[in-house]
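Colleague: okay, predicted coordinates and the sequence, questions at the end:
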Amino acid sequence: MARVTFLPGNHTAEIAAGLTILEAARIAGVVVESPCNGTGTCGKCMVRLKDHTPVTGIGEQRGLSEDEKRSGIVLACGTRLYGDAVVELLHPAAQESVRVLEKGASAFIERDPFIKKEFLPGQQRTAVHAGAYLLGLERGDTRGKTYGVVVDIGTTTLVATLVDLNDGREIASASSLNPQSLHAQDVLSRIKLASTQEGLSLLYALFVTETNRMIGELTGKSGIDRRTVYEMVYSGNTCMLHLATKTGPATLGRYPYTTALWGGDYQSVCDHPGLHIADSGIIYLPPIISGFVGADITSGVLATRLHEKKGITLFIDIGTNGEMVVAKDGRLTASSTAAGPAFEGMNITCGMRAGNGAIESFEVDGEGSVRIETIGNIQPTGICGSGLLDIAAELVANGAVDKNGRLVNLNHGSLPRCLGERLVHKQGKLVFSLSESVYLTQGDIRQVQLAKGAIRTGIEFLLRHAGVGPAAVDRVLIAGAFGYHLRERNLIVTGLLPAEFEGKIEFVGNTSRTGGIAFLLNQTYRGEIEKVVRQIETIELANYKDFDRTFVNFLRF
């Protein structure tokens, strides 16, 4: 056995010898951010060993400098403890300030909620109905107090919206970092973690705790009793719905990638006793399209009325799991592609989420000057997804990165001076400097290529399956928080979208949330969209013989 103490806070735990610092931290109830779930690829779980002794097994320490190693800094996932140790957390995890997009496109909603109340004068009670079912009886006339909550469950962020079911009014919204991302950033690493009962319980508890905090924030500042919240709608990708309902997602991680739940149904709060809403409350899960095209896309279909549009419309949610649907005169075909977490700022040397200090915009103006904008208008501390794509696009457009994704040599004479002087060497490698401590490496550019290549390949095969080329597409709807902060020019310059889409792109925002609100306010949409989902054809990109060749081709800028 070994005794490990975490600073600050003096949290201690007795652990079996040979466990990693990351495993010890979870036993001690200490959060060490590990977006890759301990695979050693993200380099974000740096801690310092205060008492560095020979009984500590140092494994793979990818990304650490020699100075960091000499100062006792190690990766928590690659360091095993065989004796007592004191570990200092370099970046104690807290609820980060993360900018989260709440607004999104929505069609007109005719109000007909699933939850209704009926006052019974003879009994001086109010009956609470969920469709044809009686949820319960309340003393007095409580018809004026009927509420619901929509939770948009993103891989990285959460958004909760409190809605008055009597008049359809959005009372308030709250947003936060999805705390699960501190343990596993992308969907695949989260599936792996939740494939054990301990991991599933951890991720479920984190979700419930943060959802309760948001519900408390919404009801508290609105002066509403949480016990008058009778229904919740969970809108999220397939994996997130599994974790939110404590359903094991293991089958999503192996072929044929089947789902353990399909949505289009209800769960009782009695089965989730930790949730802080009415004891008789229910949770509605919108129908899931496939293992990797989830209820968030279903909500997006409803919010944009995609199934009713004439002509050819392409709907894309750009993120860790790039999900897309093409509508050809109402006939829908869907697919998804594993873009990876680069667009969330992960797997990037100086990458970070969209929080204060993140570079969110980068531009070379007409006078040859660089303009950098950060969230919060403070000194740069990292690069978030929109800034990453901006930087890549400007480097490509101005010749600092060639078509194959290589940073050009320092002596390349045709570069604008404002870019050439930022091409410097760090630890013997050419990088693009953005500030004294923030820079972009060759490896980071490769991550952009992999992410954009995956999405572009998905678009290619989806359109090919529909029998149309890019020029035939009438409109392109870009959904999601990341997509909302992008610029059309940069999507095309990098090759993430084909040039034929120029002038056809519309950024529709958080349609997962607005579609969830539509489900909450009108029960007829539920049956309507269930029929639509049953008719959606899904295609598996890996089944195409030329997938690998096409993907490699689209890595080029």
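Modeller: Right, received. Where do you want to start? The model shown is predicted, which means the values in this text are computed figures rather than measured ones.
Colleague: assign residue 278 to helix, strand or coil.
Modeller: Following DSSP: H, G, I helix; E, B strand; the rest coil, we place residue 278 in the coil state.
Colleague: okay, now the nearest residue to residue 33 once chain neighbours are set aside: neighbour count?
Modeller: Closest residue in space to residue 33, ignoring its immediate chain neighbours: residue 182 at 4.8 Å, by CB to CB, 6 or more residues apart in numbering. From N, CA and C alone the C-beta is placed, and that goes for glycine too. Per other CB atoms under 10 Å, the neighbour tally for residue 182 reads 18.
Colleague: check the gap between residue 182 and residue 293 for me.
Modeller: Separation of residue 182 from residue 293 (CB to CB, to the nearest Å) stands at 26 Å.
Colleague: please apply the same query to residue 218.
Modeller: As judged by CB to CB, residue 218 and residue 293 stand 29 Å apart.
Colleague: now swap in residue 534 and tell me
Modeller: Using CB to CB, residue 534 is found at 13 Å from residue 293.
Colleague: who has more neighbours, the two?
Modeller: Each of residue 534 and residue 293 has its neighbours counted (other CB under 10 Å); residue 293 has more, 23 against 10.
Colleague: tell me the bridge partners for the nearest residue to that one once chain neighbours are set aside.
Modeller: Distance criterion CB to CB, 6+ apart; nearest residue to residue 293, sequence neighbours excluded, is residue 334 at 4.7 Å. The partner list for residue 334 in beta bridges (DSSP bridges) reads residue 325, residue 538.
Colleague: surely residue 334 and residue 292 touch.
Modeller: No: Residue 334 lies out of contact with residue 292 (CB atoms under 8 Å); the separation is 9.4 Å.
Colleague: on that earlier part again, isn't the residue nearest to residue 33 up against residue 31?
Modeller: Yes: proximity of residue 182 to residue 31 meets the contact threshold set by CB under 8 Å, at 5.5 Å.
Colleague: what ranges do the helices span in the chain?
Modeller: Defined through DSSP state H, the helices belonging to the chain, from first to last, are 21-28, 66-70, 187-194, 197-222, 238-244, 295-304, 385-397, 417-420, 442-466, 481-484, 488-493, 511-521, 524-535, 547-553.
Colleague: what packs against the first one?
Modeller: When contacts are defined as 3 or more CB pairs under 8 Å, 6 or more residues apart in numbering; DSSP states H and E, helix 21-28 packs onto strand 2-7, strand 11-15, strand 79-81, strand 85-89.
Colleague: dump stretch 543-556 to PDB, restricted to CA.
Modeller: Taking C-alpha atoms only, stretch 543-556 is exported to PDB below (Å, rounded to 0.1, in the frame of the first residue of the first chain):
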ATOM      1  CA  ASN A 543     -17.700   0.700 -45.700                       C
ATOM      2  CA  TYR A 544     -16.600   2.600 -48.800                       C
ATOM      3  CA  LYS A 545     -13.600   1.000 -50.500                       C
ATOM      4  CA  ASP A 546     -12.000   4.300 -51.400                       C
ATOM      5  CA  PHE A 547     -12.500   5.900 -48.000                       C
ATOM      6  CA  ASP A 548      -8.800   5.800 -47.000                       C
ATOM      7  CA  ARG A 549      -7.700   7.300 -50.300                       C
ATOM      8  CA  THR A 550     -10.300  10.000 -50.200                       C
ATOM      9  CA  PHE A 551      -9.500  10.900 -46.600                       C
ATOM     10  CA  VAL A 552      -5.800  11.200 -47.400                       C
ATOM     11  CA  ASN A 553      -6.600  13.400 -50.400                       C
ATOM     12  CA  PHE A 554      -8.700  15.800 -48.200                       C
ATOM     13  CA  LEU A 555      -5.900  16.200 -45.700                       C
ATOM     14  CA  ARG A 556      -4.400  18.700 -48.200                       C
END
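Colleague: that stretch - what's its average pLDDT?
Modeller: Here stretch 543-556 scores 93 as its mean pLDDT.
Colleague: and the residue nearest to residue 345 when sequence neighbours are not counted, what does it touch?
Modeller: Leaving out its chain neighbours, the residue that sits closest to residue 345 by CB to CB, 6+ apart is residue 351, at 3.7 Å. In this structure, residue 351 makes contact with 342, 344, 345, 382, 383, 384, 388, 444, judged by CB atoms under 8 Å, 6 or more residues apart in numbering.
Colleague: which one among the residues you listed gets closest to residue 304?
Modeller: Nearest to residue 304, judged by CB to CB, of those is residue 344 at 23.4 Å.
Colleague: need the contact list for the closest one.
Modeller: Applying CB under 8 Å, 6+ apart, the residues near residue 344 are 155, 156, 185, 186, 319, 320, 351, 353, 385, 482.
Colleague: who wins for neighbours among those?
Modeller: Within the contacts of residue 344, most neighbours by other CB under 10 Å means residue 385, with 31 neighbours.
Colleague: residues in contact with it?
Modeller: With contacts taken as CB under 8 Å, 6+ apart, residue 385 has the following neighbours: 342, 343, 344, 345, 354, 482, 485.
Colleague: show me the shaky parts of the chain.
Modeller: By pLDDT under 70, the weakly predicted segments of the chain are 35-39, 41-42, 51-64, 91-108, 410-413.
Colleague: show residues contacting stretch 145-152.
Modeller: 113, 115-117, 158-166, 171, 211, 214-215, 218, 224-225, 228-236, 244, 277, 296, 510, 512-513, 516-517, 519-520.
Colleague: that older thread, identify the bridge partners of the residue nearest to residue 345.
Modeller: The bridge-partner assignment for residue 351, based on DSSP bridges, gives residue 383.
Colleague: how close does it sit to residue 339?
Modeller: Distance from residue 351 to residue 339, counting by CB to CB: 14 Å.
Colleague: residue 403 too?
Modeller: Distance, residue 403 to residue 339, using CB to CB: 20 Å.
Colleague: higher neighbour count, these two?
Modeller: The residue with more neighbours, out of residue 403 and residue 339, is residue 339; 25 against 10, by other CB under 10 Å.
Colleague: quick one, what contacts the closest residue to residue 418 other than its chain neighbours?
Modeller: For residue 418, ignoring the flanking residues on the chain, the nearest one in space by CB to CB, 6+ apart is residue 370 at 4.8 Å. Counting by CB under 8 Å, 6+ apart, residue 370 touches 362, 363, 364, 418, 419, 422.
Colleague: doesn't residue 417 make contact with the third one?
Modeller: Okay, so that is residue 364. No: assessed by CB under 8 Å, residue 364 is found out of contact with residue 417, at 10.6 Å.
Colleague: domain assignment for this structure?
Modeller: If the domains of the chain are taken from automatic domain parsing, they occupy 2-89, 115-297, 306-341+447-553, 342-446, with pieces of a single domain joined by a plus sign.
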